[in-house]
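K.L.:
Following is a predicted model, sequence given first.
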Amino acid sequence: MNQHATFDTWTAAAAYDAYMGRWSRLIAQSFVDWLDVPVGAHWLEVGCGTGALTQEVVSRCAPASLMAVDPMAEFVACASTRIPDSCAEFRVAAAPDLPVQTGTADVATAGLVLNDVADPVAALKAMARAVRPGGTVSFYVWDYAGGGMGMIDAFWSTASLLDPAADILDEAVRYGQCSQSGLLRLCAQAGLEAEATAIETTTEFSDFNDFWAGFRHGDGAAPGYCDSLTRDQRMALKTRLETEVGEHGAVRLPARAWALKAQVAA
Ligand SMILES: C[S@@+](CC[C@H](N)C(=O)[O-])C[C@H]1O[C@@H](n2cnc3c(N)ncnc32)[C@H](O)[C@@H]1O
């Protein structure tokens, strides 16, 4: 899904949390409830980042074991410090090369990851390989294609008004498969018959500066683009965005993720 990857590296844990982790956490709560996995299961999490989904799995599902992997060593260190639970093990690793034996997990999951990986079908196949027959492969991503992540959609719509070159970076374009039908198709390509549901929340910022701060200090495509602008270009973008999302008081924008789950064939 990531053929126009630019500014996509996720590195700084604190910046990631302020920009994205706090919203992923909100989705993770509903996602884990929707998965409805019995306590005592063996979990594999791909792309754990700073542990937004990991924390929900540990506290809501009481897993027997949880292997959480991410290619970014700083994220893995952050997540393992935050979640010292003895059931959880953290490793630096990336899909599709997952450090788990075939058919040993009850559930494989991933939050906000599959749009980021070079070959999402290979990643899904690797997750399915790790899961026992009858177990579950699951994930969620923002509804990028439908403009469902309001904060990011507002950013790129405004950036494109001022800079036509921003068009190609727009996550709605680059992650066009992140629609309900696109994601179901992706699962089918990986041999998984999935069901999908929308999970909705609200990203709420105390004021415009709180909203803007994520783009200035955050990590990922939009903050990276913002950082690449000259000071004058950035100020123009900030002023225009302020007009678009609201100059006074709290900024509230809708956020929708698609959640998918599929049972691995027996
Ligand atoms: C947007 S962050 C999501 C982090 C966390 N799951 C959350 O919900 O906050 C995307 C994560 O995917 C990781 N990632 C990127 N490519 C990956 C791959 N091939 N396998 C596993 N993780 C990957 C990144 O390092 C990053 O931590």
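P.N.:
Right, received. Where do you want to start?
K.L.:
any idea of the pLDDT on residue 219?
P.N.:
In the predicted model, residue 219 carries a pLDDT score of 72.
K.L.:
residues near it, how many?
P.N.:
26 (other Cβ atoms under 10 Å). Using the backbone N, CA and C atoms, a C-beta is placed for each residue, glycine as well.
K.L.:
Now do the contacts for the closest residue to residue 85 other than its chain neighbours.
P.N.:
Of all residues not flanking residue 85 in the chain, residue 58 sits nearest, at 5.0 Å (Cβ to Cβ, 6 or more residues apart in numbering). Residues in contact with residue 58 (Cβ atoms under 8 Å, 6 or more residues apart in numbering) are 66, 83, 85, 87, 88.
K.L.:
and with 6 Å instead?
P.N.:
Neighbour list for residue 58: 83, 85, 88 [criterion: Cβ atoms under 6 Å, 6 or more residues apart in numbering].
K.L.:
Quick check: the closest residue to the ligand within the stretch 151-266 of the chain vs residue 250, distance?
P.N.:
Going by Cβ to the nearest ligand atom, the ligand is nearest to residue 220 of the stretch 151-266 of the chain, at 6.8 Å. Using Cβ to Cβ, to the nearest Å, we find residue 220 at a distance of 23 Å from residue 250.
K.L.:
Name the residue in these two with the higher neighbour count.
P.N.:
A direct count of neighbours by other Cβ under 10 Å for residue 220 and residue 250 places residue 220 higher, at 22 against 12.
K.L.:
show me the contacts for residue 203.
P.N.:
Here residue 203 is in contact with 23, 151, 253, 255 (Cβ under 6 Å, 6+ apart).
K.L.:
Where does the first one fall, secondary structure wise?
P.N.:
Which is residue 23. Taking DSSP states H and E as the criterion, residue 23 maps to helix 22-35.
K.L.:
residues in contact with the closest residue to residue 95 other than its chain neighbours?
P.N.:
With Cβ to Cβ, 6+ apart as the criterion, residue 95 has its nearest non-adjacent residue at 3.8 Å, and that residue is residue 123. Counting by Cβ under 6 Å, 6+ apart, residue 123 touches 95, 96, 117.
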